[in-house]
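Visitor: 3D, please:
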Amino acid sequence: MGDVLRRQCRIAAASPAPYVCFPDNITAPAIGDRCFEKYAVPYYNELAAMLEGRPVYVHMDGDLKALWPSIGRSAVRGLDSMSPPPDNDTSVADALRLWPAMRVAVNFPSSVHLRSSKEIYATACEILEQGGRSGRLQIQISENLPPGAWRKSFPEIARAVEDFGQP
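Guide: Sure thing, here's the model as predicted:
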């Protein structure tokens, strides 16, 4: 780990933050499994050791399927901005099944914001159902929201969350 990154990790470890998010932008086609294992996972593991039990989240918003085994072997305990189908290849159900200690902060699929109100609501319900009542799922709007789409999509996502109820 480089000096600047190590210093930043020490500052994060000394903070009262309940978790630390590593601001990578991981997608398997760009990094590949071998480079992910060699260059990213050691940093995540070192930061996790510094945090002494507080979780490390990593911004992983792309296709992840090729990285599943490596993610599972890492000390990562939270996915930030994970973008499920139809935009990428890892569903909420996959993530929760593969990584039982993982928390998943899911970016509501950007492409779905452009669909009908009925489809937006149905997608939000599907994401919530896949997360079940695990308490390990958070829906975010964190990636590529099409301009003006929020006027239609936000109310449908909120309605789905309200209809689903507390985990």
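
Visitor: tell me which strands and helices the longest strand anywhere in the chain is in contact with?
Guide: Longest strand of the chain, by residue count under DSSP state E: strand 76-82. Contact partners of strand 76-82 among helices and strands, from 3 or more CB pairs under 8 Å, 6 or more residues apart in numbering; DSSP states H and E: helix 41-51, strand 56-59, helix 92-98, strand 103-107. Using the backbone N, CA and C atoms, a C-beta is placed for each residue, glycine as well.

Visitor: ok, 7 Å please
Guide: strand 56-59, strand 103-107 (3 or more CB pairs under 7 Å, 6 or more residues apart in numbering; DSSP states H and E).

Visitor: can I get these in a markdown table with mean neighbour count and mean pLDDT?
Guide: Conversion of the helices and strands packed on strand 76-82 to a markdown table gives the following (neighbours: other CB atoms under 10 Å; pLDDT from 0 to 100):
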| stretch | mean neighbour count | mean pLDDT |
| --- | --- | --- |
| strand 56-59 | 23 | 95 |
| strand 103-107 | 22 | 97 |
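
Visitor: As a markdown table, those with distance to A17 would be great.
Guide: Shown next, in a markdown table, are the helices and strands packed on strand 76-82 (distance: least, CB to CB, whole Å):
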| stretch | distance to A17 |
| --- | --- |
| strand 56-59 | 11 |
| strand 103-107 | 14 |
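
Visitor: and of the ones you listed, who's closest to D33?
Guide: Of all these, it is strand 56-59 that lies closest to D33, at 15.1 Å by CB to CB.

Visitor: next one: the following helix or strand past that closest one to chain centre, how far?
Guide: From strand 56-59 onward toward the C-terminus, using DSSP states H and E, the following helix or strand is helix 68-73. How far helix 68-73 lies from its chain's middle: 14 Å, per CA atoms, centre = their mean, to the nearest Å.

Visitor: what is the mean pLDDT for helix 68-73?
Guide: The predicted model gives helix 68-73 an average pLDDT of 97.

Visitor: From the rest of the structure, what touches it?
Guide: D33, F36, E37, V41, L64, L98, W99 (CB atoms under 7 Å, 6 or more residues apart in numbering).

Visitor: quick check, nearest of these to N107?
Guide: Nearest member of the contacts of helix 68-73 to N107, counting by CB to CB, is L64, at 12.5 Å.

Visitor: how many neighbours does that closest one have?
Guide: 24 (other CB atoms under 10 Å).

Visitor: That one: what's its closest spatial neighbour, skipping adjacent residues?
Guide: T90 (4.3 Å; CB to CB, 6 or more residues apart in numbering).

Visitor: quick one: that neighbour and A66 touch, right?
Guide: No: counting by CB atoms under 7 Å, T90 does not reach A66; the two are 10.2 Å apart.
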